[in-house]
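[1] Provided below are the primary sequence and the corresponding predicted coordinates.
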Amino acid sequence: QVQLVESGGGLVQAGGSLRLSCATSGPTFRSYNMGWFRQAPGKERQFVAAINWSGGTSDYADSAKGRFTISRDNAKNTVYLQMNSLKPEDTAVYYCAARVSGGLGLDVREYTYWGQGTQVTVSS
């Protein structure tokens, strides 16, 4: 069983930055492809970014490209999401997820384990 714990959320003004972290338990972190998703009130959970097991490959939603960076530190069992130039429309609960199967997952159904989420609020 894998446990994921997100942190780093908070309230920030538009144009500001936040760095989210997702700490995982278990010795097999380096075998998982990881993803970040977000869910705004009344909306479906949507893909933000994904990274493969080694950190050598990543992908982003169009809304995140050029502003967000996903990375991972396998020695620390942690995946990160650096978010710059934040906009009010980035306001959501952000979730990290672990994918057991190979390849980057861009859909919520492709992920097996989920964290509890961390709130990000961007004020205008």
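    That came through, no problem. Numbers count the residues shown, from 1 in each chain.
[2] make it CA atoms for all contacts and neighbour counts henceforth
    Fine.
[3] how many residues are close by S123?
    S123 has 16 neighbours, counted by other CA atoms under 10 Å.
[4] show me the contacts for it.
    11-14, 87-88 (CA atoms under 8 Å, 6 or more residues apart in numbering).
[5] same question for K87.
    By CA under 8 Å, 6+ apart, the contact list for K87 reads 14-15, 122-124.
[6] repeat that for 7 Å
    Contacts for K87 (CA atoms under 7 Å, 6 or more residues apart in numbering) come out as 14-15, 122.
[7] now for the residue nearest to S63 when sequence neighbours are not counted, how many residues are close by?
    Among residues not flanking S63 along the chain, V48 sits closest, at 7.7 Å (CA to CA, 6 or more residues apart in numbering). Other residues lying near V48 total 26 when counted by other CA under 10 Å.
[8] mind listing what whatever helix or strand V48 lives in pairs with, with the direction of each?
    If you go by DSSP states H and E, V48 is part of strand 46-51. Strand 46-51 has its sheet partners listed here by DSSP bridges as strand 33-39 (antiparallel), strand 58-60 (antiparallel).
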